Structures are given as structure tokens and as C-alpha cells.
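K.L.:
3D, please:
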Amino acid sequence: MNTSDTHGPFLPWHSVPPSAIPAVTFGIDSPKIDVISVHSDRVQRDKVFGSFCGEPIVGLDDLSIEVDEARYLQSRVDSSSGQSIPAEVLPGEEICSDGIIRRSTTAEAIGYDVYHNQEAIEANAERINIAAAREASKNGRLILWRPNRDVNPATEFALVED
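P.N.:
Predicted coordinates:
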């Protein structure tokens with residue numbers, strides 16, 4: 001006989017899953033809990049039907065609650081059915097060609113050509129090599145480093161604003 005088994009053929013109550021414990025109801029139905037969530041505007045505080053433990057029992061606007069539930073259900077259906085809900089375009093924003101709303105100052109909204117227009121970038125600047133740009137930078141001049149994004153030492157340059 002195993003002496004380490006102190007419970008014998010029975011298991012302690014905390015080692016049994018809850019589904020194995022029989023539910024004893026004594027023939028009384030369990031209480032039903034009705035969860036209602038309504039907006040505070042739907043509570044009719046001026047219609048007092050009585051009191052319970054000193055607290056007033058007030059009514060609810062049933063029609064408004066039904067309308068709220070219908071609107072909530074419709075918004076859930078719209079969001080889960082694949083229909084796109086139109087987004088609001090705020091001031092300073094616009095819908096870009098890819099369908100995304102962005103600020104009007106982004107490259108996607110303005111267009112990438114504005115940032116790649118080499119003639120406009122070099123209009124008021126002098127083209128110099130990188131070594132000369134380092135010296136000009138030490139002297140406090142404003143430098144635009146590698147506007148062509150080229151890091152090849154033979155072809156890279158910088159612009160010094162006049």
C-alpha cells in the first residue's frame with residue numbers, strides 16, 4: 001500500500017475540475033442578470049416610480065434606447081461587412097492618389113518632382129566638391145550636402161547657398 005497517498009481513493013476538492021463538481025440548485029432557478037448599457041441622456045430622472053433603500057427608481061426612454069441599439073447594430077454590420085466608411089478630411093489634409101489621407105505638405109501630396117527638381121534646388125547656390133563644402137561649413141556657410149544623393153567620390157557634390 002502506498003503511504004504517500006493521504007487521501008486514499010478520493011481526491012482533494014481543489015484538484016478536481018469545476019465541471020466534475022455537481023451543481024446543487026435545490027430546485028430554485030438561478031437569478032437572471034439583465035445587463036443594460038444606456039447613455040445617460042436616456043435616463044428619465046424626472047420620472048420617479050418609487051424608491052429602493054432610499055434611492056429613486058427612474059425610468060428609461062425606451063424608444064431612444066431602441067434607436068441607439070439599431071444604430072450600433074448598423075455600425076457593427078457596416079464595419080464588418082467590408083464596406084468602407086468614408087473618413088473625414090480635415091483642414092490641411094487631402095486625399096492622395098493612393099487613397100490615403102495625408103497632410104498637404106507631405107511629398108505624397110505635393111508630388112515627388114518638387115523634391116527632385118535639380119534646377120530649382122541649384123537656382124541660388126554654387127556647386128562645389130565635398131572637401132570645399134567642409135571648409136565652407138567651418139566658416140559658417142549654409143551647405144546642402146549631396147542633393148543628388150550620390151556618395152561616389154568622383155561625382156558627389158554639395159551646394160553652398162549664396
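K.L.:
need the next SSE after the longest strand along the chain, C-terminal direction.
P.N.:
Ranked by number of residues, the top strand in the chain under DSSP state E is strand 43-52. Next along the chain after strand 43-52, taking DSSP states H and E as the criterion, comes strand 55-60.
K.L.:
so what's the residue count around Asp61?
P.N.:
Using other C-beta atoms under 10 Å, Asp61 has 16 other residues around it. Yep, even glycine has a C-beta here, placed from its N, CA and C like the rest.
K.L.:
just checking, it touches Arg42?
P.N.:
Yes: using C-beta atoms under 8 Å, Asp61 is in contact with Arg42, at 4.8 Å.
K.L.:
pLDDT at the most centrally placed residue in the chain, what is it?
P.N.:
Nearest to the mean C-alpha position of the chain, by C-alpha atoms, centre = their mean, lies Ala87 at 13.9 Å. Looking at Ala87, its pLDDT reads 76.
K.L.:
ok, now Arg127?
P.N.:
85.
K.L.:
and what of Lys138?
P.N.:
Note for Lys138: predicted pLDDT of 90.
K.L.:
before we move on, the earlier item: check contacts around the residue nearest to the centre of the chain.
P.N.:
Shown in contact with Ala87 (C-beta atoms under 8 Å, 6 or more residues apart in numbering): Ile101.
K.L.:
report the secondary structure state of it.
P.N.:
In three-state terms, and counting by DSSP: H, G, I helix; E, B strand; the rest coil, Ala87 is coil.
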